[in-house]
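K.L.:
Just to be clear, the model below is a prediction. Sequence and coordinates:
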Amino acid sequence: MATTNLSYYDKATIPNAKPFRFGIVVSEWNPEITRSMQQGAIETLIDCGAEKENIISWEVPGSFELVYGCKKMIESQPVDAIIAVGNVIQGETKHFDFVCDGVTQGIVDLNIKYDTPVIFCVLTDNTKQQSIDRSGGKLGNKGIECAVAAVKMAALRHL
Ligand SMILES: Nc1c(NC[C@H](O)[C@H](O)[C@H](O)CO)[nH]c(=O)[nH]c1=O
Ligand SMILES: CC(=O)[C@@H](O)COP(=O)(O)O
């Protein structure tokens, strides 16, 4: 069954994001998809109370490099949560599988090794249309969903 809409959230159930600093590491592959998710995330963080100057964005070449980019951001920037934004679309070969596996396991490893939550905002789709539908299309915007997760995890980090 297809995913439900990714963009609905109830601010009454979300902590105020004002005290927190957020990082966004965004892949340059499939930029029309990743930029839309990045914008959705930024707008949602601000809607939840984050200050624009407390949101820092870095770019990396592809989703596989999200892990290193997040690692460097954790080690150099005082952020309370990071949103890793990427879009991997199935091609002709097994490369899709290895990129997806690598970025997934790498982000898991970062969440284990460091005390900064890294949110998995990576669309891993069979077709471009699936990605379009989930980055501001008929199924919403995963960037919005992940921004909400980032606020909640930033608050949890400070419990
Ligand atoms: N095919 C996609 C890629 N491939 C590139 C890798 O992410 C990586 O940059 C390269 O293997 C060099 O290390 N990346 C995506 O984000 N999306 C794709 O669909
Ligand atoms: C996910 C990828 O790296 C993929 O787009 C590469 O395409 P192909 O498998 O046709 O080389």
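P.N.:
The structure has been received and is ready for your questions. Ligands and ions are numbered 1, 2, ... in the order given.
K.L.:
check contacts around the closest residue to residue 5 other than its chain neighbours.
P.N.:
Excluding its sequence neighbours, the residue lying closest to residue 5 (C-beta to C-beta, 6 or more residues apart in numbering) is residue 140, at 4.3 Å. (C-beta placed from N, C-alpha, C; glycine too.) Neighbour list for residue 140: 5-8, 134 [criterion: C-beta atoms under 8 Å, 6 or more residues apart in numbering].
K.L.:
how far away is the residue in the chain that ligand 1 sits nearest to from ligand 2?
P.N.:
Nearest to ligand 1 in the chain, going by C-beta to the nearest ligand atom, is residue 62, at a distance of 2.2 Å. According to C-beta to the nearest ligand atom, to the nearest Å, residue 62 stands 8 Å off from ligand 2.
K.L.:
same check, this time on residue 76
P.N.:
Note on residue 76: its distance to ligand 2, by C-beta to the nearest ligand atom, is 28 Å.
K.L.:
Sketch out the helices for this structure, chain order is fine.
P.N.:
For the chain, the helices defined by DSSP state H cover 31-47, 66-76, 95-113, 128-133, 142-157.
K.L.:
burial measure for the residue of the chain found nearest ligand 2, as a count.
P.N.:
Across the chain, no residue is closer to ligand 2 than residue 91, which sits at 2.2 Å (C-beta to the nearest ligand atom). By the criterion of other C-beta atoms under 10 Å, residue 91 has 9 neighbours.
K.L.:
Same question for stretch 92-106: list its buried residues.
P.N.:
For stretch 92-106, the buried set under the neighbour-count rule, 16 or more other C-beta atoms under 10 Å, comprises 96, 99-100, 102-104, 106.
K.L.:
Output the residues you listed in JSON lines; the columns should cover pLDDT and distance to residue 32.
P.N.:
Converted to JSON lines, the buried residues of stretch 92-106 look like this (pLDDT from 0 to 100; distance: C-beta to C-beta, whole Å):
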{"residue": "96", "pLDDT": "98", "distance to residue 32": "19"}
{"residue": "99", "pLDDT": "98", "distance to residue 32": "18"}
{"residue": "100", "pLDDT": "98", "distance to residue 32": "20"}
{"residue": "102", "pLDDT": "98", "distance to residue 32": "23"}
{"residue": "103", "pLDDT": "98", "distance to residue 32": "19"}
{"residue": "104", "pLDDT": "98", "distance to residue 32": "23"}
{"residue": "106", "pLDDT": "98", "distance to residue 32": "24"}
